[in-house]
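Engineer: give me a model of this one.
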Amino acid sequence: MPHFAQLTQLEHLIMQAPACVRVGMHGEIAYKEQRYPLYSLTIGNAAPSAPVLGFFGGVHGLERIGCQIVLSLLASLFVRLQWDSSLQRQLEKIRLVFMPLINPVGMARGTRCNHDGIDLMRNAPIEAAHRVPFLMGGHRISRVLPWYRGAANTAMAQENQALCQLVQDQLLNSPFSLALDCHSGFGLRDRLWFPYAYTQEPIAHLAEVFALTELFQRSYPYHPYLIEPQSQQYMTHGDIWDYLYQQHLAQSDRVFLPLTLEMGSWLWIKKNPRQLFSIDGLFNPIVEHREQRVLRKHLILFEFLIHAVHDFEHWQVTSTERHTVQQKALQTWYSS
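Structural biologist: Just a heads-up that it's a prediction; the model follows:
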């Protein structure tokens, strides 16, 4: 079996996992006579009625830091499970789901795309309602160009099929679920994006996103994140989280909030301009102390999300509040 740093770390964590951790195997990606596994790990209440928080990383093989921060969180939780009774009690109510390495071949090769040249974040069967940036918004011209969507009228890439099945099985059946997909490479600030990427229309659960945002800002008023709909920055075809959110709306009246953590890699380049001359440096902190800083920087966000999912009933928007909260959200994010 092929090995590289992130896969080695993930498999080491799997071998060291506490007995309460359930490991899923979602197929293998065949590439050059090698097979790359697709793993998930699940901790906590297995009941369909349990609220769920999912952490995802490694969609783009270039953005290894997204995979690394999910692996770092897993390692921390595994240690805490041995002694932290408050975490143990939390997990009696909620479920945590992890898929840290969605595109193992891309990460092994150091490419954004998978082994077939497909950008997994442009590959879902969903078309943008407005004009998208040339190439970057997703295209079907050629797999040798970045942001290739895949051929028309074909099934999604195997990696995306595995991701969708995991989300369908573990998150979308829950009365309340939240996903955080970890990326890097855009801007000088860390951003938390919520759907949509394919349209500028607000999502059906805009009030819930706004309530969660206000809760975060009141709880941690000095947090570093800019929280906004992705469409305010750019729009794309084929966003997998847009697709999963739309699938969720078609099935039920449950609440599913997919968020994307977009770590601002331009800040690392600003501090170390030599990173411009390395493709790895465009998307990841290269200097060791900066990498360590990033690995611990987002722990407050992760802890907040765990608590927010555990106690979602305490901040959930009621029917009497919905109109007021919705209007505040529209004024904040869509007034222009």
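Engineer: quick one, longest helix in this protein?
Structural biologist: Looking across the chain with DSSP state H, the single longest helix is helix 64-80.
Engineer: buried ones in that one, by neighbour count?
Structural biologist: 64-74, 77-78 (16 or more other CB atoms under 10 Å). The way it works is simple: take the backbone N, C-alpha and C, and place the C-beta from them, glycine included.
Engineer: how about residues contacting it?
Structural biologist: Here helix 64-80 makes contact (CB atoms under 8 Å, 6 or more residues apart in numbering) with 6, 9-10, 13, 16-18, 21, 41, 43, 55-60, 87, 96, 98, 100-101, 107, 181-184, 261, 263, 280, 283-285, 291, 294-296, 298-299, 302.
Engineer: ok, stretch 238-253 next?
Structural biologist: So stretch 238-253 is contacted by 59, 119-127, 138, 149, 160, 163-164, 167-168, 172, 179, 181, 195-198, 203-204, 230, 254, 256, 258, 260 (CB under 8 Å, 6+ apart).
Engineer: so which of the buried residues of helix 64-80 comes closest to K271?
Structural biologist: Nearest to K271 among the buried residues of helix 64-80 is I65, at 14.7 Å by CB to CB.
Engineer: could you check the pLDDT of the closest one?
Structural biologist: Here, the pLDDT recorded for I65 equals 97.
Engineer: over to G185?
Structural biologist: For G185, pLDDT reads 91.
Engineer: ok, now E262?
Structural biologist: 97.
Engineer: identify the bridge partners of it.
Structural biologist: H183, R191 (DSSP bridges).
Engineer: pull the number of nearby residues for H139.
Structural biologist: Using other CB atoms under 10 Å, H139 has 18 neighbouring residues.
Engineer: what sits against it?
Structural biologist: L145, W147, Y148, R149 are the contacts of H139 under CB under 8 Å, 6+ apart.
Engineer: how close does the second one get to R218?
Structural biologist: According to CB to CB, to the nearest Å, W147 stands 38 Å off from R218.
Engineer: comparing these two, which shows the higher neighbour count?
Structural biologist: W147 (22 against 8).
Engineer: got the contact list for that one?
Structural biologist: D119, R122, L135, M136, G137, G138, H139.
Engineer: okay, and the helix or strand of this structure with the least pLDDT?
Structural biologist: Across the helices and strands of the chain, mean pLDDT, DSSP states H and E gives its lowest value to helix 265-271, namely a mean of 87.
Engineer: quick one: the helices in the stretch 151-300 of the chain?
Structural biologist: 158-170, 206-219, 240-251, 265-271, 288-297, 299-310 (DSSP state H, counting those that start in this stretch).
Engineer: adding distance to Y234, write those out as JSON lines.
Structural biologist: Formatted as JSON lines, the helices of the stretch 151-300 of the chain follow (distance: least, CB to CB, whole Å):
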{"stretch": "helix 158-170", "distance to Y234": "20"}
{"stretch": "helix 206-219", "distance to Y234": "19"}
{"stretch": "helix 240-251", "distance to Y234": "13"}
{"stretch": "helix 265-271", "distance to Y234": "15"}
{"stretch": "helix 288-297", "distance to Y234": "23"}
{"stretch": "helix 299-310", "distance to Y234": "23"}
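Engineer: thinking again about what came up before, could you check the angle the longest helix of the chain makes with helix 299-310?
Structural biologist: Here helix 64-80 runs at an angle of 70 degrees relative to helix 299-310 (axes from the mean of the first three to the mean of the last three CA atoms, to 10 degrees).
Engineer: next SSE downstream of helix 64-80?
Structural biologist: Later in the chain than helix 64-80, the nearest helix or strand by DSSP states H and E is helix 85-93.
Engineer: for that next one, name the packing helices and strands.
Structural biologist: Judged by 3 or more CB pairs under 8 Å, 6 or more residues apart in numbering; DSSP states H and E, helix 85-93 is in contact with strand 34-44, helix 299-310.
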